[in-house]
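Participant: Okay, sequence plus prediction incoming.
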Amino acid sequence: MSSEQPLLGGMEQASNKLTQRTKSDKTASDGQAAQLTLVTDEEVTSIFAVLIRYTLMIIFIPILTYFGGKKYILEDIMGFSSRQSFIYWAVIAVISIHVVLAVMVYRAYREGLKPRTLKKD
């Protein structure tokens, strides 16, 4: 039992140090926490609207370009066979995904560069 006593004492000391560190970290990070909570509901709504818009574009643009372009442009207008039009429009569908992703990344980068104005009451 005497060997357990130093272990328990060491655990209490470690717990006290952790509590002290947590309190000092909390006071030091109060400014950071205040900055994180300054996002308004309108900004969150705007972010989700943009996210949904790009998600729908990533889903539907390749599908629409593949099926619409394959049937109407390559097969009906240009006279390609089904196999040839399959290969060309599969490549175009993949390129369309990359274009949407590039636009999304560019917009996110551009918005990240904007300085945010903080309203203080």
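Facilitator: Structure received.

Participant: Quick one: the helices in the chain, in order.
Facilitator: Applying DSSP state H to the chain gives helices spanning 4-28, 30-36, 41-68, 82-113.

Participant: quick one, the longest one and helix 41-68 angle?
Facilitator: This means helix 82-113. Interaxial angle of helix 82-113 relative to helix 41-68 (axes from the mean of the first three to the mean of the last three CA atoms, to 10 degrees): 160 degrees.

Participant: I'd like the average pLDDT over helix 82-113.
Facilitator: On average, the pLDDT along helix 82-113 is 86.

Participant: Then the second one?
Facilitator: Taken as a whole, helix 30-36 carries a mean pLDDT of 52.

Participant: What of the third one?
Facilitator: The predicted model gives helix 41-68 an average pLDDT of 88.

Participant: Which strands or helices does it pack on?
Facilitator: For helix 41-68, the packing partners by 3 or more CB pairs under 8 Å, 6 or more residues apart in numbering; DSSP states H and E come out as helix 82-113. (Each C-beta comes from the backbone N, C-alpha and C, glycine too.)

Participant: who does the helix it packs on touch, helix- and strand-wise?
Facilitator: Helix 82-113 is packed against helix 41-68, with contacts defined by 3+ CB pairs under 8 Å, 6+ apart.

Participant: Now the helix it packs on: buried residues?
Facilitator: 54, 57, 62, 65-66 (16 or more other CB atoms under 10 Å).

Participant: And the furthest pair within those residues?
Facilitator: Greatest spatial distance in the buried residues of helix 41-68: 54 and 66, 18.7 Å, computed using CB to CB.
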